[in-house]
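Participant: Model the structure of this input:
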Amino acid sequence: MTNNDNLAHLVYIKGLRAQIKEHYKAKYQQRINYLVGANNELMRELEQWERVRKVDELAPDPEITT
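Facilitator: Here you go, the predicted model:
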């Protein structure tokens, strides 16, 4: 292998590595965004149920008032 061939091979490998890295970065970024969105949705639902529970706790008990 001559110097030019060796250099071309190294440039090719570097480009291929960059392409693979970008592919997996995009793939996992989509997955992370999906999981964060799902987590946010569950957190909103949990907060809603906590508010409902708090309202129920503050409401007078019908058995006691009658």
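
Participant: any idea which element Thr27 lies in?
Facilitator: Check again: residue 27 is Lys, not Thr. helix 3-58 (DSSP states H and E).

Participant: what's the spacing between that helix and its chain's center?
Facilitator: Averaged C-alpha coordinates place helix 3-58 at 5 Å from its chain's average position (CA atoms, centre = their mean, to the nearest Å).

Participant: pLDDT value on Met1, please?
Facilitator: The confidence metric pLDDT takes the value 68 at Met1.

Participant: lowest-pLDDT helix or strand in this structure?
Facilitator: None of the helices or strands of the chain scores lower by mean pLDDT, DSSP states H and E than helix 62-65, at a mean of 66.

Participant: Next one: the residue most central in space within the chain relative to Lys54, how far apart?
Facilitator: By CA atoms, centre = their mean, the chain has its centre lying nearest to Ile32, at 2.7 Å. Per CB to CB, to the nearest Å, Ile32 is found 33 Å from Lys54. The way it works is simple: take the backbone N, C-alpha and C, and place the C-beta from them, glycine included.

Participant: got it, and Ala26?
Facilitator: Distance from Ala26 to Lys54, by CB to CB: 42 Å.

Participant: what's the answer for Leu42, then?
Facilitator: The gap separating Leu42 from Lys54 is 19 Å, by CB to CB.
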